[in-house]
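Trainee: need a structure here:
(chains A and B)
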Number of protein chains: 2
Amino acid sequence: MAIQKIAEKEKEIVIEKKIERSKKDEYAAPADRVIMILFGATGDLANRKIFPALNSMNRQGTIPKKFRVIAIGRRDYTNDIFREKVKNSIEYFSTVKSGKNTDSFLKIVDYLKADFTKEEAYAKLKRKIEEEENESNLLYYLATSPDNFGVIAKMLKKYGLAHDKKNKFWRRVIIEKPFGSDIASAKRLNKMLKHGFPESRIFRIDHYLGKELVQNILVLRFTNIIFEQLWNQKYIDNVQITVAEDAGVGRRGGYYDSAGALRDMVQSHLLQLVSLIAMEPPVSLSGRDISSEKVKVFRSLTPLTSKDVETNIVRGQYSAGVVKGRSVKGYREEEGVRRDSDTETFVAMKLTINNMRWAGVPFYLRTGKRMKDRFANIIIQFKELPCVLFCDVEGGMRPNMLTIRIQPEEGMETTFNLKTPGSGMDIQSVRMNFSHEAEFGPNTPEAYEKLIYNTISGDTTLFTSWKEVEQSWIFIDPIFKVWRKRKPRFPNYAAGTMGPREADMFIRADGREWNFN
Amino acid sequence: MAIQKIAEKEKEIVIEKKIERSKKDEYAAPADRVIMILFGATGDLANRKIFPALNSMNRQGTIPKKFRVIAIGRRDYTNDIFREKVKNSIEYFSTVKSGKNTDSFLKIVDYLKADFTKEEAYAKLKRKIEEEENESNLLYYLATSPDNFGVIAKMLKKYGLAHDKKNKFWRRVIIEKPFGSDIASAKRLNKMLKHGFPESRIFRIDHYLGKELVQNILVLRFTNIIFEQLWNQKYIDNVQITVAEDAGVGRRGGYYDSAGALRDMVQSHLLQLVSLIAMEPPVSLSGRDISSEKVKVFRSLTPLTSKDVETNIVRGQYSAGVVKGRSVKGYREEEGVRRDSDTETFVAMKLTINNMRWAGVPFYLRTGKRMKDRFANIIIQFKELPCVLFCDVEGGMRPNMLTIRIQPEEGMETTFNLKTPGSGMDIQSVRMNFSHEAEFGPNTPEAYEKLIYNTISGDTTLFTSWKEVEQSWIFIDPIFKVWRKRKPRFPNYAAGTMGPREADMFIRADGREWNFN
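Mentor: As a prediction, this is how the structure comes out:
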């Protein structure tokens, strides 16, 4: 009883502290006057993701009261033609329901024909902004190649359109990965952006962070005692993260061939997932506090030696094969790809985190294109209990697992042991399942809607800070150095498989298996 | 790495020890020659449970190779007439599938007309046994009133049919609860049985222990690290066990009125569930080792003072009401019940276990007749995490719970917190579910099949030892002493409700609620 009272007292103190903290909370309600200036408005990203997301936000009333979009493109469109094109994109790329009722949205979109690599574009943009609304927050969405970030930032600055601390309206910039192609280029890129915008105004989108089950990792970890208490090296044997795609490089062959899976997926999405799984509880849920814990994870990653790269990292490239019954060509035959390309389309790797919580727990990562299926999940495999009571029985104990399914079907499951029905004491591994869609319905907001919403409300939680980018590159860079020295024997896996044989061998060498194949 | 190697070495040692232990295992294959002598063969239990179970075992080949049933009854049936009656019972009380193909089973059943309260019955029985098979194991099933146990044991002894350690064939006896009506009567009953059979040959059936999910408690606890590591007062806030029936006393009014819910349910089924949830890991899975841990739980129950009985125990009796849309009469109007009966048809109580694992964790038990639904479950409610990060959010954290569903639908679920989909960080309590039937199909063996099978194979795991019976009566007895002093205000709950209001009040007084209503 006494113990309980002390616990309650402590709880009160914690609550008081929390209230105090919330007073200086950096969250804010979404601004009510915002102009989004979209660079690259006729591009793929704008069509597939940004316009459908904005339309859905408009329908749901999650955009600011006064909201306009200035869509910048080089092509010679009228407003009407452009709006018609946007309408088509929305209908094509939205889910059935959210693609309807676009008219009220289209009215807030204006096309601005301009070449944003030229200075005159910015004079024109400035006039256009002044026409639209005298006093507004400005949100620049750079849906362009990173090569243009420098000139855009510089010109916005020159024309008084960049961050200005004397202005009571904010100016923010959204950029998409890739955030550089190594530590040096990432630093250059950042320096260019910094010219016009301080770190707090730069929103780097990693769209994986907008996925429901990814956002759920923190809630899952820090509101459930059954997970929170077991979340460390005493109870966890290993963590497996797989992001498998069945698609090939599609129309992105040119970009992809200069990037590869390590840059395109591991440095960004997969390391972000690692950091969310591994981070210590943050002081608060503010973007800054969460980012600071993620950076600590990256800094605690055991640096990779040349030998580690040889033994703990497997790269692969697909040959022609059959994916879901359909014959597909090999990577080197894809459009935009060099015929002798040594770019990896698959990576499997082991990393370890050298801190008190994770010492000795391997994190196995795996990602690739043209694999046999499209799915992304995180499996927390718990240690086995000592085999004392149910050791000789049929079936035998299997380790407990928690699976967080990120896509395609979002949900969670735990794998645990139960007795097989009947007179004996045989044991069987069974699954307790939670389907996100069955519980909440299918109409959860798309990643991009949440990300744009959060940019407007100034919540940086779901974005990647510069320090995270920097530290993840510092970890990844040595891999390229080793890889460059030795020519890979590519292709080494057939399209439609789970990657090269070596990816199974290297985990088996640790006495483990991929839990999901 | 070094740590892992040590862990593996330890695992090997554990396995070696386990193999050694299994050599002296008390499990045995089912004997291949068995005669079951069924006392009370024309009664309710025989018809509803025993014959359907034996028939199903015959069909599935889980009875011994040479197996006969001698069915003793007073009525003047021929073999053919009796078999016809058994056939009808089986068809009526079995599930559709298992009620078929009774012919091969009926052939092994012989009717013996005899009054087992008279000595001549035993001379007749002895001849019959000798006719059937000279050398056989004998299994006596006493499906009779406990009043007859004494004479049966005595007579079997007199005719050389009871336990005989010089005989290489075993003689075992199965009895059903109630095992007495208080500590004194239980002791008398046991003494009578002991006359003919040592403790190791007495199988006391508590049919709850034959239910799949009850048997699963040990597997669940000791093969799953996620539960095993959290199974103590550091992580568990309280345990709730509910066995609710929507039925009234039916044709058992006469018996029930002299027993009541505390004797009929709490002393047996509910305390058995408490012991399985609370016990320490046993040295082995042998019946003796498990029983020894259960006895330790009973001995650690905090004894009830008079004040405890007043404040921590609520008794109730139902009045007329509506159950599932059907009007039903009150308990005092039931057949066989005294019109001024003060027998309780409902009990809710709190108990605590005074040991290192459970100190401070209340166990709330609740059982009753004519409640609003029929279900039995165990809810392990975990402690709440300190409210630090997700404290101000909508919804708020709810404690994690593990629910073991015993009936009607067997299964398990965990309740945990997830983020509500959308842009905010609101939290919602959701369920991860495991359905036993969905996984294993509906045709799991009935409790009685397993219990009879285990009696034949000599496995005492699912039976109640004398020491368990004794200790549970020692705990329960003081309740009657207090109750007798004060006349209850009965009836105090309407049929079709979850019991008297006091049953909700007394748990609320602890700042808690029933989690399942």
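Trainee: Tell me how far A:Lys158 lies from chain B.
Mentor: 35 Å (C-beta to the nearest C-beta, to the nearest Å). From N, CA and C alone the C-beta is placed, and that goes for glycine too.
Trainee: give me the number of residues near A:Asp308?
Mentor: 18 (other C-beta atoms under 10 Å in any protein chain shown).
Trainee: any weak-confidence spans in chain A?
Mentor: A:1-30, A:95-100, A:133-134, A:395, A:423, A:442-444, A:517 (pLDDT under 70).
Trainee: mind giving me the domain ranges of it?
Mentor: A:12-205, A:209-508 (automatic domain parsing).
Trainee: Which secondary structure state is assigned to A:Gln381?
Mentor: strand (DSSP: H, G, I helix; E, B strand; the rest coil).
Trainee: just A:Gly360 next, same as before
Mentor: Looking at A:Gly360 with three-state DSSP, the answer is coil.
Trainee: Report how many residues lie close to it.
Mentor: 16.
Trainee: follow-up on the earlier one: pick the most deeply packed of the domains of chain A.
Mentor: domain A:209-508 (a mean of 20; mean count of other C-beta atoms under 10 Å in any protein chain shown).
Trainee: Can you give me every residue that contacts the residue positioned nearest the centre of chain A?
Mentor: Closest residue to the average C-alpha location of chain A: A:Tyr208 at 2.4 Å, with C-alpha atoms, centre = their mean. Residues near A:Tyr208 by C-beta atoms under 8 Å, 6 or more residues apart in numbering or on different chains: A:Val214, A:Ser268, A:His269, A:Gln272, A:Leu273, A:Ile406, A:Ala447.
Trainee: and with 10 Å instead?
Mentor: A:177, A:214, A:243, A:265, A:268-270, A:272-273, A:276, A:376, A:406-407, A:447, A:462, A:464 (C-beta atoms under 10 Å, 6 or more residues apart in numbering or on different chains).
Trainee: sorry, back to before: now for the domains of chain A, which one comes closest to B:Trp170?
Mentor: Comparison of these against B:Trp170 by C-beta to C-beta identifies domain A:209-508 as nearest, at 18.5 Å.
Trainee: quick one on the thing from earlier: looking at the domains of chain A, which is closest to B:Tyr364?
Mentor: Nearest of the domains of chain A (C-beta to C-beta): domain A:209-508, 19.6 Å.
Trainee: Tell me the gap between that closest one and the middle of its chain.
Mentor: 11 Å (C-alpha atoms, centre = their mean, to the nearest Å).
Trainee: Export the domains of chain A as CSV, with columns for distance to B:Asp426.
Mentor: Shown next, in CSV, are the domains of chain A (distance: least, C-beta to C-beta, whole Å):
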stretch, distance to B:Asp426
domain A:12-205, 13
domain A:209-508, 9
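Trainee: So which of these is nearest B:Met505?
Mentor: Once those are compared by C-beta to C-beta, domain A:12-205 is nearest, at 25.7 Å.
Trainee: Work out for me the element A:Thr461 sits within.
Mentor: A:Thr461 belongs to no helix or strand when assigned by DSSP states H and E.
Trainee: Tell me the spacing between it and chain B.
Mentor: 8 Å.
Trainee: cool, and A:Ile202?
Mentor: Taken as C-beta to the nearest C-beta, the span from A:Ile202 to chain B is 20 Å.
Trainee: Who does that residue form a beta bridge with?
Mentor: A:Val173 (DSSP bridges).
Trainee: residues contacting it?
Mentor: Going by C-beta under 10 Å, 6+ apart, the list of residues near A:Ile202 reads A:153, A:163, A:172-175, A:190, A:193-194, A:196, A:460, A:463-466.
Trainee: What of A:Phe434?
Mentor: A:Phe434 neighbours (C-beta under 10 Å, 6+ apart): A:405, A:410-414, B:413-414, B:416, B:418, B:430-433.
Trainee: How about the backbone phi and psi for A:Ser435?
Mentor: phi -100, psi 120 (degrees, to the nearest 10).
Trainee: ok, now A:Ala348?
Mentor: phi -130, psi 140.
Trainee: where does A:Val239 fall, helix, sheet strand or coil?
Mentor: strand.
Trainee: Which residue, neighbours along the chain excluded, lies closest to it?
Mentor: In this structure, A:Val239 finds its nearest non-sequential neighbour in A:Phe363, 4.7 Å apart by C-beta to C-beta, 6 or more residues apart in numbering or on different chains.
Trainee: Hmm, that neighbour is touching A:Thr352, no?
Mentor: Yes - counting by C-beta atoms under 10 Å, A:Phe363 touches A:Thr352, with 7.0 Å between them.
Trainee: any common contacting residues for the two?
Mentor: Contacts common to A:Phe363 and A:Thr352, judged by C-beta under 10 Å, 6+ apart, are A:Leu301.
Trainee: residues touching the nearest residue to A:Leu389 once chain neighbours are set aside, list them.
Mentor: Closest residue to A:Leu389 apart from its sequence neighbours, by C-beta to C-beta, 6+ apart: B:Phe222 at 5.1 Å. Contacts for B:Phe222 (C-beta under 10 Å, 6+ apart) come out as A:Leu385, A:Pro386, A:Val388, A:Leu389, A:Phe390, A:Met397, A:Asn417, B:Glu228, B:Trp231, B:Pro281, B:Pro282, B:Leu285.
Trainee: Just the ones of those in helices?
Mentor: B:Glu228 (DSSP state H).
Trainee: Let me know the closest of the contacts of B:Phe222 to B:Ala121.
Mentor: B:Leu285 (39.0 Å).
Trainee: gap between that closest one and A:Met425?
Mentor: 6 Å (C-beta to C-beta, to the nearest Å).
Trainee: Spit out the residues that contact the two alike.
Mentor: Between them, B:Leu285 and A:Met425 share the contacting residues A:Leu389, A:Phe390, A:Asp392, A:Val393, B:Tyr27, B:Leu218, B:Val219, B:Asp459, B:Thr461, judged by C-beta under 10 Å, 6+ apart.
Trainee: Just send those back as CSV, with distance to A:Gly250 too.
Mentor: As requested, the shared contacts of B:Leu285 and A:Met425 are exported to CSV (distance: C-beta to C-beta, whole Å):
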residue, distance to A:Gly250
A:Leu389, 53
A:Phe390, 49
A:Asp392, 53
A:Val393, 50
B:Tyr27, 61
B:Leu218, 53
B:Val219, 48
B:Asp459, 62
B:Thr461, 60
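Trainee: Farthest-apart pair in those, please.
Mentor: B:Tyr27 and B:Val219 (16.2 Å).
Trainee: For A:Leu161, give me its contacts.
Mentor: A:Ile37, A:Tyr122, A:Leu125, A:Lys126, A:Ile129, A:Leu138, A:Tyr140, A:Ile152, A:Met155, A:Arg171, A:Gly196.
Trainee: again, only using 7 Å
Mentor: By C-beta atoms under 7 Å, 6 or more residues apart in numbering or on different chains, the contact set of A:Leu161 is A:Tyr122, A:Lys126, A:Leu138, A:Arg171.
Trainee: Filter those down to the ones in helices?
Mentor: A:Tyr122, A:Lys126.
Trainee: In TSV: the contacts of A:Leu161, plus distance to A:Lys87.
Mentor: Formatted as TSV, these follow (distance: C-beta to C-beta, whole Å):
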residue	distance to A:Lys87
A:Tyr122	28
A:Lys126	28
A:Leu138	25
A:Arg171	29
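Trainee: Report the two of the contacts of A:Leu161 separated the most.
Mentor: Maximum pairwise distance among the contacts of A:Leu161 (C-beta to C-beta): 13.5 Å, between A:Tyr122 and A:Arg171.
Trainee: Residues of the stretch 151-300 of chain A that sit close to chain B?
Mentor: Residues of the stretch 151-300 of chain A found near chain B (C-beta under 7 Å from any C-beta of the partner chain) are A:212, A:215-216, A:219-220, A:222-226, A:228-230, A:235, A:281, A:285.
Trainee: closest to B:Glu439 among these?
Mentor: Of those, the one sitting nearest to B:Glu439 (C-beta to C-beta) turns out to be A:Ile226, at 21.2 Å.
Trainee: Now that closest one: which helix or strand?
Mentor: Judged by DSSP H and E, A:Ile226 forms part of helix A:225-228.
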